[in-house]
Structure formats: structure tokens, C-alpha cells
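**Q** Return atomic coordinates for the entry below.
(chains A and B, ligands or ions: 2)
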Amino acid sequence: MDLTRRKFLTLLGGSTAGAVLFQACGVPEAELLVEAPLEMPEDMVTGLDTWYATLCSECGNPEGIVVRVMEGRAKKVEGNVDYPINQGKHSARCEAALQGLYHPDRISAPLLRVGARGEGRWEEISWTDAIARMAHQLGQVQDKSSIVLATNPVGGHLGKVVERFASRMGIAHMPYETLDETNLRLSMERTYGLKAMPDFDIGGASYLLSFGADFLSTWGSPVRYARAYGQFRQGDRERGTHVHVEPRLSTTAANADEWVFVNPGWEGHVALAIANVIVERGLGDSSAAAALTGNGAVDLGRYAPERVADRSGVSAERIRRIADEFAGHPPALAIGGGSAGAHSNGLANLNAIYALNHLVGSAGKPGGVIPNPGPPFSDVPEAPARTSYADWRGLTGRMSRGEVSALLVRGANPVYGMPKVTGFEDALLGGRFNVPLIVSFASFMDDTTALADLVLPENHGLEDWGSDVPDPGPGYQAVGIRQPVVRPFFEGRGVHLGARSFADALMGIAQTMEVDLGLEGESFEDVLQAGARELFETGRGSVRANDFRAFWNGALQRGGWWDTTAAYSGPSLSPRQIASAPGEPSLGSGAFALVPYPSIGITDGRGAHLPWLQATQDPITTASWQTWVEINAKRAEEMDVREGDVIRLTASNGRSIEALAYPHPGISPDVVAVPMGQGHTGGGQYDKDRGANVMSLLDSLEDSETGALAWAATRVNIAKTGGWMRVPRFENTAPDLATDEDQHIIKLTAEDS
Amino acid sequence: MAGEKWGMVIDVDKCIGCQACVVACQAENNIPINTEDLYNQRRAVQWIRIERYWEGEFPDVKARFIPVLCQHCSDAPCEPVCPVFATYHNPEGLNVQVYNRCIGTRFCANNCPYHVRFFNFWEPSWPESLKNQLNPDVTVRSRGIMEKCTFCIQRIRRSTRDAKAEGRGVEDGARELNPACVNACPTDTLFFGDLNDPDSKVARMSAEETGEHGRGYHMLEELGTEPNVLYLKKVDKNAKEASHA
Ligand code: SF4
Ligand code: SF4
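**A** Ligands and ions are numbered 1, 2, ... in the order given. Take a look at the predicted model:
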């Protein structure tokens, strides 16, 4: 029908027949005034808003954000255009910070356990009481090194306070990450001699070869990488080519021009096979080649494409072609991480991958690996301290021998992240000994906090002070500053209840215990200002002022300080001998390789309490709110598995989880993939007892050299349980769009315009 | 009468499927939480959504993403079917939904070929404390009301008013003017602006990309809805066919 309403009205307007018709129907002519003379309700604008710059607090690598505040309430998060890392862009996770701030399950006062551990019965106590109790208990411990402070890896000035607290108190600080980055960090050191993560110049590369790292979704600094990826695709330069090597079709793999399936654990072999081809054909830098192999000490011949093809699952021909392309399209960039580094040979895999940049001359060059300078502060570490899974296994042993007198946790959830076979939870709670005191600094209940004796609620990131030295940085010195954009939400509960800044709580505890932390001032804000004074005194960078007040205000307004001219000035990234060539990965046993992956919204579980992130659909499956098992559609058919069938995955260590089958055509028949982040035993209305925790069934496998958790090395058997549940997914929520033969929703072209 | 004609350009070659736009839209426009139940009832509301299409099978397989939102059709099939003029075309080229006129016949949703209209089957609800986040510039739609993408009309209004108060115009591509999804998108897949202003980014892109060598196309072009959203084709050097659905 080509008679639209507007055409219809036009016709009416021009003919008397129309008037007659309408009179007959009794519709007053005024009704034809579709455009109201007054503003429509949706045209109204009320109130004034203010946007404050601060840092996001939802992921490990904070983006600079601006928060819209109206009448004292935060309303919206957007990227800070000035901030060097994300330049105005942000992720779904940044948006959800608001839900953390106003979350119905936020803890609003210190809690003292009254029932048995884990029973969930608490009593509110005052901060004074809480700190006094804690100081008393810690004070009684003879050997202070038996007290363990477990945090997320903390940088910036919070990192400084935490380090100072640990060292002056004489207690052990153990940073914890669910997916530990030990291998990646060590690989940067071994391959390029860098302590801090370098920047990857994706936007400036012509050819991008990535292994395992899902950098468009959760790996590294995803917003920065995604921003650069837009440039890489349709920027000022010729469209780049991207090849991604991974056992699973991840978001990054889906976006690549070519996805190369590799058997889990063989990524380093493929990388060295590529190196072998480049060296053999003399395509790369010959002096780099000599250095990498230590003049032949490392025998690349062992990694000839034919010898690698079978076990890696990548054909020799394909390896040769990719090697040709990689060497033939400068600047070319190789990136590795994620599952590629999560094997018993993980470090060696990453070393092999990153060595490729030396071969094609991209180390330290635009379009390649750009090293970052150290921080502009005298006493803030270059990169946050980290520990490996092996350290945590060691701690578990110490706990079960009764050698740990107190565990203080903050931003870390080891009860959730440690594989069950390690026995962390048992060692914490029971057995012959247990840990006498567990204190959690937390805004929300989680698996570890639920077992605590004392819970000290933390300010939300949007109510707190802080700083961040981005790691990875943007290639020059940069500092992000976090400021409170709203007054604390629990302010109304008075000074004795409510939440506090973690740093202030630590400083308070030290003061009560009469330990001098040697920090500048009484509060965390003072420490931060003292840091800012250091920046002010450099007299360079993005904020300049005649006096410190003006400088401080300027830095808060812009969300930080950076100096684009202060680039890396250390030794050049010259090629060095590949430290250890990858051997065979040791894998668990079972019919399927298990590839766990961080979810795009709730990541490794830290965002599971936020409903927006729970509802964020997974890009590949479009599923949400649950734990599902990606399984090859054909293989599923053979096994009579349908979408929503409840599947039990059992590892050879005997642990199992149950999750919903999601068959699709994009996964290898030998692999099952399961998103991380669900299956919390402690939490609130949005996360507790929802889905399954894939980390819990992992084998206790670790990198043979570094002790990093080999989280991609477990294999599983699967069986139907007979149960069925609908997979909450968005796909097919709307019926298929009306299409005929020639009507396609996504149109393709082979030619770039 | 305003001289603007708001439009969008979406470069499918850049979209990575990251969902930043989707959540940004939910935050800006007071969209109720899409709970597990709503997903299971197939009643999740996403004014902008990312569709994922499969092509081929392992190992020769592609998953491709495309953002879909109201196309603000110049010849909108959703409009003539509304018995109460709750959905109409405003002078700035926007397809607008007047919530307090809507009586919930759902004819418009039925007639929209893009399936971008969402009906409030339930009264929207939030835990009390989460209501602090709601955007005061946007009405919360009650049960029985149809809703859909507005191109963040509240931002257009606010930025125009602010600009007027300061005696300036609203710049093309200004952050305060852009819909929330456009600002969020990390890859710069989405562009928004005035198609009537020949110097605007969207107008220039439209002119360039609809030419002979351009990548521009309209979704479901043959329906003649004349969308104001222009898509740019995804580039795939190995495309087996020219296109797919
Ligand atoms: S896309 Fe659908 S809702 Fe939007 S204007 Fe067109 S027909 Fe109406
Ligand atoms: S934010 Fe941009 S890249 Fe991400 S899904 Fe939306 S349109 Fe695509």
C-alpha cells in the first residue's frame, strides 16, 4: 500500500471531499493538527545537570569517565573525551557503575558475624567498634607475617597505601586475580625487557595477528583497543587485515578477517612455525632472527610448519600463507594472551608470539609495540604487584597447616576463583585448623565475603578518591584521578555506620594500632593531593597552573594529568633470545577441550551483581543471565543434545558443573566453551545461586615455569542430565526480519570504498 | 519550523558487537531491567539491539554483527495505522511516540518491518534505590504503552536549549547532541547528525557512500520505507556472495 497517512492527509487537505468525509465521521478538524502548537511532552527539558570527570571502577584497567549528576544523584556515565586511554569511549561495564552505586544489596554498615561462618547472620556494628575489634585481634598475633592481605592488583596511590600498610604492619600482601596475568607480564619482561605493559598500536597496524587474547571484549584495555580497531577498519589508512588464532570463536575471532582454529595449548607452536617460515625465507629482519634463536641455540627447525600442523590443527599451507602475509604487510603486529597463555606452556607460548614483533621490526615502532614510560611519581610502583596461582596454592597449604592467623580481603574473591580441587575453601574454614579471622572490605556480599567474620563496607568508586597509572598506558605518561562525583549514598546513616574508603579504613586501623604508615596527611585525599603536588611541580603536562589549588582543580576537571611528550626513554627493545621454546601442553583428560571465557558483561564474575551486566547479551550466543555450554551444532545433534538441555560437565579431577546446552555452528566439534562469572555461592538478588561457576571444576594445572593457572587446559566429559531450561537469549526475540531472496540484512562488499 | 532532518549512518564494517550502545541506551532512556523472565518471555526491550548472523559452519564460519534500531522512516508504515496519532512524524524527521496518547493497540509494532517497537507488557519496576539513577529527562513508560528509539530526543532538546541560551548553535557531532549509543560506541560505528545540513558528517557520508563506489544501503530497501538510517556494507575480501541475511 503506497497510501501513507501523510499522503492521505495531503489528499484530504486539498479536497472538499475530505472535509465532508470527516464531518460525516464526526471527527473535529482540530484532530488533524498532528503537530501540536505547544511543545510535546517529550520536548520538555527540566533541571540542570553537571558532568564530573572521574575514573571508572568496574574493571581492572579503568577508563576515564564523566558522570552526569542532577540534584545530587548520578544519572549517566560516558567516556571522558580528554582521557588518553579511552578518548571519550566506554564499555557496557562503565555504564553499570551507576547500578553499583545505587544497588539494593549494597552493604551500608560494618557487619559482624553472629551465626556460624557462612550462615549469613550478621549484626550491624559501628566503625569504631569494628576497627577496635580488628586492631585488637591483629594486635594479638605474634608473627605478623601470618596475616595475609589479599587485594585485587592495586596501582596508583591506593597501591601505595596498601604497600605501606603491609610493609609497616609486617603483614603479607597477596594481590589476587581470577585469571592471573603472571605469564603475560613475565613475557613482556622476557621479550622486551618491560615491567609495565606496552601499548599495542592497533590503529596504526596494517596487519594484526592475535592469539587467544579477546581484546575486543574483555582482554587488556578493551575500550582502547576497540577504539583503535575502528581506525584499523575504516580509518585514514588502507583497511587492515586481522587474523585471529584461538580454539574458540570469540568476539575478537568473529570480527577478524580470518579465524584460525588451533588446538588448545599449541598457539606457541604455530607462532614459532610462522617465525620459522619468516626466517627460512629471509622475509624478516635477519639480525633479529639471529638474536631470537641465539645464533641457532633455539632450533626453529623443530617448529617447521609440517611438524606443527597435525598437533596444532593448523595446516602447513595456512601457516606459510599467514607468515607471508604477516611479513609482507608492515607495520604488522602480533598480540597474545587470554587462553593462549593459560596453559602449562603458557609463558613459552606468549614469548613465541611476542617474539614475532621482533622479526618484522614492530617492537618499539608505530603500528607495533609501544613501550610505556614509568609513572611520574617517586613512590608509586610502575605496575601493581601480582601473584600467581602457585602462590595461592602455597597459601592454601599454609592455611591448612594452621599457619595463617588472619585473612583480610578486598576486591578479591578467591573462594570463587580458585579451582575446587585446590581445597582453598576447605583450608579457610575447616580441616584440622582454620583461619581464625576473616575480614572482608566489600560493598557487596560475594563468595568470600559471605564467609567473613567481619565485613567493612567500602565506598563505591563514584564516591571515592583515587588515582590510576594506566597499565597499559597510552605510550606516554598519564595519570587518572578519581574524585567523588556524589556524596556517599549512605551518608544518612551517620558517621558511625555507612561505607568508607578502603584506604581511609586501612589508615584508621594503622592509627588505632599505633603503626606509623609515614603517609602525607590524615586521609587518603591528603595522600592523593600530595601526589598531585608532585605532578604540579614537574611544571609540564596537560594541566599547568600558577599555584597548586588551581592545578588540583584543573586536574580534577579534566580527570587527570598527562604529558604526551613524556614517552618511554629506556633501553631500546632489542631482540633477545627466546627464553624457552614451548613444549607440549599438559592437558586434562576427557572427550572435549574446555574453553572457559570471561563474559563480556560480568567478566570473571566481578560484575555479576549488576543487572545491566547480567542482561548484557553475549555477542556470540546472545544469551544472558545463565551459564551455557557452547557446543558444535552437528556434534550436539549426534548426541541428541538440544538447546536448553541441562548438561553435566565433568573434569578428570572429579568436579562437575551443570549448564544449559547452546549448540551453534561456530565451534569445533572437539571443544566446549563455557562463560565465566556465574555460580556464586554468596551474593545478592542478582547473582547468588544463578548458573554455574566454571572455574570451580578446573584441574589444578599451572604453568611449569611461572605457576600461573592453566585455566584453558582442562578437558571434560559431558552427559545429559535429563533436565531442560529455556536459555535466556535475545536471538529470535524479534521474528526474523521480512526478507526475500535479494534482501539481506547485512550486506557485504569485497571492495573497500 | 525547524530545518533539521536527523539521521544516522552505521558502518557495519566497524561494529564489533560489544553491546556498549545497548547498555548506554538502557541507561539513558530508563528502560526497565531486562530480567531473565523477560528474556524467556521474548519480551526483552532493546531500542537498539545487536543482531548476530551466522554464515557457514565450523571451521569455515563467520558470525557477523549489525546494530538495529528504529530507522525513523520517512515513509513509516507504523504511522498510518495508529488510530490515535500516538506515533507521528515530527518536523525534524523523527518518528515520535507520544506516550500519553498511546492506547496500546500494538498496530504500529505489527506494521513495523524492522521489529524495533516494544510493548510494555508489564508495569516497569526497579528496586527503590536503583530509581536514583533514572534520567529525569525521560518519561518512564507505564504498562500498555508502546515505546521505541527516539534518537534521544531529550538530548536534542537539551543541547538546543543550552546552545540557544548561550547564543550559539549546536555543533555537528557534539557530544551533548549525540544519542547515547553514538557516544558510547568505542569503534565509532555510529554517526548522528542533520541530513539537511550539507556539511554535516552524516550528510557528507551519505553523499559519498550512496554513490557508485559507496558502501551505503538501506535496510529492507525495497519496502520503500525510506529510512533515515544509512548502513555501510561490511567489507569482506573473501565474501562468497555479495550479501547475506
Ligand atoms: S523503523 Fe519501524 S518504528 Fe521506526 S519509523 Fe520505521 S516503521 Fe516506524
Ligand atoms: S557499541 Fe558500536 S561496536 Fe559495540 S555493538 Fe554497538 S555499534 Fe557495535
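**Q** Just give me the residue closest to the centre of chain B.
**A** Per CA atoms, centre = their mean, the C-alpha nearest to the average position across chain B is that of residue B:69, at 3.4 Å.
**Q** care to break chain A down by domain?
**A** Domains of chain A are assigned by automatic domain parsing as A:5-95+A:462-493+A:539-567, A:111-176+A:387-455, A:182-370, A:592-752.
**Q** Could you dump those domains into TSV and include mean pLDDT?
**A** Below are those laid out as TSV (pLDDT from 0 to 100):
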stretch	mean pLDDT
domain A:5-95+A:462-493+A:539-567	80
domain A:111-176+A:387-455	93
domain A:182-370	93
domain A:592-752	91
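**Q** winner for burial among these?
**A** domain A:182-370 (a mean of 23; mean count of other CB atoms under 10 Å in any protein chain shown). For every residue, glycine as well, the C-beta is placed using N, CA and C.
**Q** Quick one: distance of that domain to the chain centre.
**A** 21 Å (CA atoms, centre = their mean, to the nearest Å).
**Q** Is that domain positioned near chain B?
**A** Yes - for domain A:182-370, a contact with chain B is found by CB under 8 Å from any CB of the partner chain, at A:216-217, A:222-223, A:226-227, A:229-230, A:233-234, A:239, A:249, A:251, A:254-255, A:257, A:259, A:261.
**Q** end-to-end on that domain?
**A** Domain A:182-370 has an end-to-end distance of 20 Å (CA to CA, to the nearest Å).
**Q** Contacts only, for residue 95.
**A** All of this is about chain A. A:76-77, A:612, B:20, B:23-24, B:26-27, B:184 (CB atoms under 8 Å, 6 or more residues apart in numbering or on different chains).
**Q** that's the other chain; I wanted chain B
**A** B:70, B:72-73, B:76, B:78-79, B:87-89, B:148.
**Q** Repeat the analysis, applying 6 Å as the threshold.
**A** With contacts defined as CB atoms under 6 Å, 6 or more residues apart in numbering or on different chains, residue B:95 is in contact with B:72, B:76, B:89.
**Q** Next one, pLDDT for it please.
**A** If you check residue B:95, the pLDDT there is 93.
**Q** mind listing what residue B:108 touches?
**A** So residue B:108 contacts B:78, B:81-82, B:87, B:117 (CB under 6 Å, 6+ apart).
**Q** 7 Å - rerun?
**A** For residue B:108, the contact set (CB atoms under 7 Å, 6 or more residues apart in numbering or on different chains) comprises B:78, B:81-82, B:87, B:117, B:146.
**Q** nearest to residue A:278, of those?
**A** Nearest to residue A:278 among the contacts of residue B:108: residue B:117, at 54.5 Å, using CB to CB.
**Q** so that closest one touches residue B:109, yeah?
**A** Yes - under the criterion of CB atoms under 7 Å, residue B:117 makes contact with residue B:109 at 3.9 Å.
**Q** Have a look at those two and say which one is more surrounded.
**A** More neighbours surround residue B:117 than the other of residue B:117 and residue B:109, with 24 against 20 (other CB atoms under 10 Å in any protein chain shown).
**Q** Check the contacts of residue A:95 and tell me the two furthest apart.
**A** A:76 and B:20, at 13.3 Å, using CB to CB across the contacts of residue A:95.
**Q** Quick one: list the elements packing against the helix or strand hosting residue A:100.
**A** Taking DSSP states H and E as the criterion, residue A:100 maps to helix A:97-101. Packing partners of helix A:97-101 (3 or more CB pairs under 7 Å, 6 or more residues apart in numbering or on different chains; DSSP states H and E): strand A:73-79.
**Q** Which strands or helices does the strand it packs on pack on?
**A** Helices and strands touching strand A:73-79, by 3+ CB pairs under 7 Å, 6+ apart, are strand A:64-70, helix A:97-101.
**Q** Could you check the very next helix or strand once past it against ligand 2 for contacts?
**A** Proceeding N to C from strand A:73-79, the next assigned helix or strand is helix A:92-95, under DSSP H and E. No - using CB under 6 Å from any ligand atom, helix A:92-95 stays clear of ligand 2, coming no nearer than 8.3 Å.
**Q** got the CA coordinates for stretch A:410-426 in PDB?
**A** Output of stretch A:410-426 as PDB, limited to C-alpha atoms (Å, rounded to 0.1, in the frame of the first residue of the first chain):
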ATOM      1  CA  ARG A 410      39.400  -6.600  49.300                       C
ATOM      2  CA  GLY A 411      38.400  -6.700  45.700                       C
ATOM      3  CA  ALA A 412      39.400 -10.300  45.500                       C
ATOM      4  CA  ASN A 413      37.200 -13.400  45.600                       C
ATOM      5  CA  PRO A 414      39.500 -16.400  45.800                       C
ATOM      6  CA  VAL A 415      36.700 -18.700  47.200                       C
ATOM      7  CA  TYR A 416      35.100 -18.200  43.800                       C
ATOM      8  CA  GLY A 417      38.100 -18.100  41.500                       C
ATOM      9  CA  MET A 418      40.300 -21.000  42.900                       C
ATOM     10  CA  PRO A 419      39.600 -24.400  41.400                       C
ATOM     11  CA  LYS A 420      37.800 -26.500  43.900                       C
ATOM     12  CA  VAL A 421      40.400 -29.300  43.800                       C
ATOM     13  CA  THR A 422      42.900 -26.800  45.300                       C
ATOM     14  CA  GLY A 423      41.000 -27.000  48.600                       C
ATOM     15  CA  PHE A 424      41.100 -23.300  49.300                       C
ATOM     16  CA  GLU A 425      37.700 -23.000  50.900                       C
ATOM     17  CA  ASP A 426      38.200 -26.200  53.000                       C
END
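**Q** Is it possible to get JSON lines of the domains of chain A that adds distance to residue A:506?
**A** Output for the domains of chain A, formatted as JSON lines (distance: least, CB to CB, whole Å):
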{"stretch": "domain A:5-95+A:462-493+A:539-567", "distance to residue A:506": "13"}
{"stretch": "domain A:111-176+A:387-455", "distance to residue A:506": "5"}
{"stretch": "domain A:182-370", "distance to residue A:506": "25"}
{"stretch": "domain A:592-752", "distance to residue A:506": "21"}
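**Q** still on that earlier bit, quick one, what contacts the residue nearest to the centre of chain B?
**A** Contact analysis of residue B:69 by CB under 7 Å, 6+ apart lists B:47-48, B:116, B:149.
**Q** Which single one of the residues you listed is nearest to ligand 2?
**A** residue B:48 (7.2 Å; CB to the nearest ligand atom).
**Q** which other residues reach stretch A:375-390?
**A** Outside stretch A:375-390, the residues that reach it (CB under 7 Å, 6+ apart) are A:153-157, A:159-160, A:173-177, A:180-182, A:185, A:195-196, A:374, A:469, A:471, A:477, A:479, A:531, A:534-535, A:538, A:702, A:706-709.
**Q** What sits closest to the most centrally placed residue in chain A if chain neighbours are left out?
**A** Compute the mean C-alpha point of chain A, and by CA atoms, centre = their mean the closest residue is residue A:218, 4.5 Å away. Nearest residue to residue A:218, sequence neighbours excluded (CB to CB, 6 or more residues apart in numbering or on different chains): residue A:598, at 4.3 Å.
**Q** Quick check: that neighbour vs ligand 2, distance?
**A** Counting by CB to the nearest ligand atom, to the nearest Å, the gap from residue A:598 to ligand 2 is 17 Å.
**Q** Considering the contacts of residue B:95, which member attains the minimum pLDDT?
**A** residue B:89 (90).
**Q** can you count the residues close to that one?
**A** Residue B:89 sits with 20 neighbouring residues when counted by other CB under 10 Å.
**Q** Dig out what it forms beta bridges with.
**A** Residues in a beta bridge with residue B:89, per DSSP bridges, are residue B:95.
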